[in-house]
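In: pasting the sequence and the predicted model now:
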Amino acid sequence: MTWQTQKLPLDHPPVKSGRVGVLIVNLGTPDAPEAGPVKRYLAEFLSDRRVVEIPPIAWQPILRGIILNTRPKKSAHAYRQVWTEEGSPLAVITRRQADAMQLRLGEQVTVDWAMRYGTPSIPDRLQTLMDAGCERILLAPLYPQYSGATTATVVDKAADKLKAMRWQASLRTLPPYHDDPTYIDALASDLSRQLGALEFEPEVLLLSFHGMPQRTLDLGDPYHCHCQKTSRLLQEKLARPGLRFRTTFQSRFGRAKWLEPATDVVLEEEAKAGTKRLAIAAPGFSADCLETLEELAIQGREQFTEAGGDHFAALSCLNTSDAGLTMLETLLRRELSGWINA
Ligand SMILES: C=CC1=C(C)c2cc3[nH]c(cc4nc(cc5[nH]c(cc1n2)c(C)c5CCC(=O)O)C(CCC(=O)O)=C4C)c(C)c3C=C
Ligand SMILES: [Fe+2]
Ligand SMILES: [Fe+2]
């Protein structure tokens, strides 16, 4: 028998040497809702050239001279509206997602979590996983829709850490899952449950995604297309008589043109056109955060009701819902195949 005709056993045993690690990553958040920590966090976030694609020589004087002297105070006030006893919602929920994955995936893997900006940092947690004996690590940025400013910058940061190592761990990365039936089904089931529990029947369901500069789309970033596809697939699953959908982009930052239509503009437009009952969901965020709890749930409600709307509901992200955790477990197990027993 030659190597070409030899049949490999289908149920070959998993690799035995070295542990397997999973590092769940989200964007990042300040350590406290005060101007100082917010300034430190924004300085790191907005200096990322994947996020602000303006040459540093032109951007850094604006960032250091204007933005970091004005925005931290305003943002700290917004963070205080949503801060919990355990910390920033984004950090608390991400930690709980990681804890839940550890329980579900069991002793075959070590699950940890990190933030792209701020703490706990990606290099620090990668080092900790490696110190614990992990020779294979699945890096899981929890962004369903790919963009340079989300998934790619997480991979860059991990690669920077590996670059400095003589003996690297092997890395796999979780691909974007914007059109994965597992994700769409989880969203559809969780949003249906939440819609069913409302005290009113919305006429409109806004699907609001985080915005990006229009230029990123023109340069070929797939983010906008990924958002549109998620939205279309979700609408097909959630369709019901009397419910109209709109896809919008929130959190505009700076003076450049951002993806449109803008969530705040549409909220006002809908109310002025006579829509009385509206719900809003943010399918691109895997955890509730400042952008959903303050910008949508607090400011969005004000925008809609002040323009004439009556009933408003901001629906929760998948967070640690059963649907969300089951989806995450499925996605992770798929990427871990061959590294752990099914
Ligand atoms: C979901 C994907 C995200 C994309 C894409 C994104 C792009 C992007 N964001 C900014 C500027 C800011 N974003 C801020 C907060 C924030 N952004 C995301 C996600 C995406 N951002 C999340 C999950 C959060 C919340 C963080 C939290 O602590 O809860 C902020 C900070 C808050 C504020 O001062 O308003 C800024 C600034 C840019 C420029 C950008 C461009 C690609
Ligand atoms: Fe953002
Ligand atoms: Fe915002």
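Out: Good, I have the coordinates. These numbers come from a predicted model, not from an experiment. Ligands and ions are numbered 1, 2, ... in the order given.
In: any idea how far G254 is from Q235?
Out: Distance of G254 to Q235, computed by Cβ to Cβ, to the nearest Å: 30 Å. C-beta: built from backbone N, CA, C; applies to glycine.
In: one more: R301?
Out: 23 Å.
In: per-domain residue ranges of this structure.
Out: 19-176+323-335, 181-314 (automatic domain parsing).
In: okay if I get the ones you listed as a markdown table plus mean neighbour count and mean pLDDT?
Out: As requested, those are exported to a markdown table (neighbours: other Cβ atoms under 10 Å; pLDDT from 0 to 100):
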| stretch | mean neighbour count | mean pLDDT |
| --- | --- | --- |
| domain 19-176+323-335 | 18 | 97 |
| domain 181-314 | 18 | 97 |
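In: ok, now which ones touch whatever residue of the stretch 101-250 of the chain ends up closest to ligand 3?
Out: Distances between the stretch 101-250 of the chain and ligand 3 by Cβ to the ion are smallest at Q250, namely 6.9 Å. Shown in contact with Q250 (Cβ atoms under 8 Å, 6 or more residues apart in numbering): 208-211, 262-264, 282, 291, 295-296.
In: bridged to it, which residues?
Out: H210 (DSSP bridges).
In: for A342, find the nearest of the domains of the chain.
Out: Closest approach to A342 among the domains of the chain is made by domain 19-176+323-335 (7.1 Å; Cβ to Cβ).
In: give me every residue in the protein lying close to ligand 1.
Out: Neighbours of ligand 1 within the chain, by Cβ under 6 Å from any ligand atom: 27, 29, 42, 51-52, 71, 75, 88, 90, 143, 147, 149-150, 210, 212, 251, 253, 284-285, 289-291.
In: among those, which are in helices?
Out: Counting by DSSP state H, these place 42, 71, 75, 90, 290 in helices.
In: now the two most distant members of those residues.
Out: R71 and L90 (17.8 Å).
In: all strands for the stretch 51-200 of the chain, in order.
Out: Taking DSSP state E, counting those that start in this stretch, the strands of the stretch 51-200 of the chain run over residues 109-117, 134-141, 170-173.
In: in JSON lines, list these along with distance to ligand 3.
Out: Below are those laid out as JSON lines (distance: least, Cβ to the ion, whole Å):
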{"stretch": "strand 109-117", "distance to ligand 3": "15"}
{"stretch": "strand 134-141", "distance to ligand 3": "20"}
{"stretch": "strand 170-173", "distance to ligand 3": "27"}
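In: those: which one's closest to D156?
Out: Closest to D156 of the strands of the stretch 51-200 of the chain, according to Cβ to Cβ: strand 109-117, at 9.3 Å.
In: check the offset of that closest one from the chain's centre.
Out: Taking Cα atoms, centre = their mean, to the nearest Å, one finds strand 109-117 lying 14 Å from the centre of the chain it belongs to.
In: can I get it in PDB, CA atoms only?
Out: Backbone C-alpha positions of strand 109-117 (Å, rounded to 0.1, in the frame of the first residue of the first chain) are rendered in PDB as follows:
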ATOM      1  CA  VAL A 109      -9.700  23.900  26.500                       C
ATOM      2  CA  THR A 110      -8.800  27.000  28.500                       C
ATOM      3  CA  VAL A 111     -11.000  30.000  27.700                       C
ATOM      4  CA  ASP A 112     -10.000  33.500  28.400                       C
ATOM      5  CA  TRP A 113     -11.100  37.000  27.200                       C
ATOM      6  CA  ALA A 114      -9.400  40.200  26.100                       C
ATOM      7  CA  MET A 115     -10.100  43.600  24.800                       C
ATOM      8  CA  ARG A 116      -8.500  45.200  21.600                       C
ATOM      9  CA  TYR A 117      -8.100  48.500  23.400                       C
END
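In: can you list the residues of this protein near ligand 3?
Out: 251, 291, 295 (Cβ under 5 Å from the ion).
In: so which of those residues comes closest to ligand 1?
Out: Relative to ligand 1, the closest of the residues of the chain next to ligand 3 is E291; by Cβ to the nearest ligand atom it sits at 4.7 Å.
In: list the contacts of that closest one.
Out: Taking Cβ under 8 Å, 6+ apart as the test, what E291 contacts is 210, 250-251, 282, 285.
In: report the closest residue of this structure relative to ligand 3.
Out: For the chain, Cβ to the ion, closest residue to ligand 3: S251, 3.9 Å.
In: for that residue, give its distance to Y143.
Out: Separation of S251 from Y143 (Cβ to Cβ) stands at 15 Å.
In: same question, W167
Out: 29 Å.
In: how about E295?
Out: Separation of E295 from Y143 (Cβ to Cβ) stands at 18 Å.
In: do the same with G254
Out: 21 Å.
In: again with T94
Out: Distance from T94 to Y143, by Cβ to Cβ: 12 Å.
In: just A76 next, same as before
Out: Using Cβ to Cβ, A76 is found at 25 Å from Y143.
In: surely T305 and F312 touch.
Out: Yes: T305 is within contact range of F312, at 6.2 Å (criterion: Cβ atoms under 8 Å).
In: contacting residues around F209?
Out: With contact set as Cβ under 8 Å, 6+ apart, F209 has these partners: 145, 227, 230-231, 247-250, 282-284.
In: got it, and T247?
Out: Contacts here follow Cβ under 8 Å, 6+ apart; on that basis T247 touches 206-207, 209, 227-228, 231.
In: roughly how far is the particular helix or strand that has it in it from the heart of the chain?
Out: Counting by DSSP states H and E, the element that carries T247 is strand 244-250. The chain centroid and the centroid of strand 244-250 are separated by 18 Å under Cα atoms, centre = their mean.
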